[in-house]
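> Got a predicted model here, sequence first, then my questions.
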Amino acid sequence: MDGRIAAGMRYHTYGPGRGDTFLLVHGWCGDHTYLEPVARHLAARPARVVAVDMPGHGDSPPSPDGYGVEQMGGHLRALVEALDLRRVTVIGHSLGGVWSLAAAAADRSRFTGLVMLDSAVAGPPGAAESLDQVAESLRDDTSGAAREKIVRSYFRPYSEPRLVERVVRAMGRPATEIAYEPIAGLAAYVRQGADVAALTTWARPLLMIGTDAPFADYAHLTRLVPEAHIGQTAGSGHFVQLEVPAQVNAMIDRHLEITR
């Protein structure tokens, strides 16, 4: 693994650079390490795996044009073009999955596969209003109390305590604007129906891996994308790839096996 910069973002590569190409995208207030269990698994295929720190996250500088979904998806497309990646399967966790969808739907020539890990697309009625409320709680949350409450809610009572505390600490580090603006951008994206439009445009197989309390409405998702595969983890909160990596990796492997 190494760390380099392209298209204004820090990225890390895993694997020998042969075989399939994967782009891994973390979610809200995260960085590339949140996808490391998936990265190391895919690198052993062997494959070329690129894991990015999105603008304003990890070691990447702030975004010059804001943190809306379309802007963040545009940064992913710029990275793929800068590295001249082709036939890319993009895998995004949480909000990173929404950014990945926006990127993939806008460039179906370079992006050929899509995996979302518990992402807020094709949500139930009232999803935009719920996201607005979350964003508003974060707008002036300089103490980080609201953010911590949200992060802790992503886990289950049986989640491993050391993992919970590690994630809570790490997700508390980004600036207040990095907590607020991406969620506000997601709320606007969903309110406009842009997630539904992007899924309809994608119109290819995709994999959604969620939990027993998913952000997506699975029935709605399969109506929009009949070729979608839906996987649900057992014994995990929102950070599926960190809590039950073997389950997640097995579902990704099976999805790739039957869609390639």
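Done, it's in.
> where does the stretch 1-150 of the chain dip in pLDDT?
1-2 (pLDDT under 70).
> Do you have the strands of it handy? List them.
Here the stretch 1-150 of the chain has its strands, by DSSP state E, counting those that start in this stretch, at 2-6, 9-14, 20-25, 47-52, 88-93, 111-117.
> a markdown table for these, including mean neighbour count and distance to Arg166?
Glycine gets a C-beta too; all of them are placed from N, C-alpha and C. Shown next, in a markdown table, are the strands of the stretch 1-150 of the chain (neighbours: other Cβ atoms under 10 Å; distance: least, Cβ to Cβ, whole Å):
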| stretch | mean neighbour count | distance to Arg166 |
| --- | --- | --- |
| strand 2-6 | 12 | 20 |
| strand 9-14 | 22 | 19 |
| strand 20-25 | 26 | 19 |
| strand 47-52 | 25 | 18 |
| strand 88-93 | 27 | 16 |
| strand 111-117 | 26 | 18 |
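> With Pro124 as the reference, name the closest of those.
Each of those has some distance to Pro124 by Cβ to Cβ; the shortest is strand 111-117, at 16.2 Å.
> who touches Thr33 in this structure?
Contact analysis of Thr33 by Cβ atoms under 8 Å, 6 or more residues apart in numbering lists His26, Gly58.
> Please tell me how far it sits from Ala179.
Per Cβ to Cβ, to the nearest Å, Thr33 is found 18 Å from Ala179.
> Could you do Gly123 as well?
Separation of Gly123 from Ala179 (Cβ to Cβ): 20 Å.
> circling back: out of the strands of the stretch 1-150 of the chain, flag the one nearest Gly172.
Gly172 lies closest, by Cβ to Cβ, to one member of those: strand 88-93, at 17.8 Å.
> Direction-wise, compare that closest one with strand 20-25 and give the angle.
Following axes from the mean of the first three to the mean of the last three Cα atoms, to 10 degrees, one obtains 30 degrees for the angle between strand 88-93 and strand 20-25.
> partners of strand 88-93 in the sheet?
Applying DSSP bridges, strand 88-93 is found paired with strand 20-25 (parallel), strand 111-117 (parallel).
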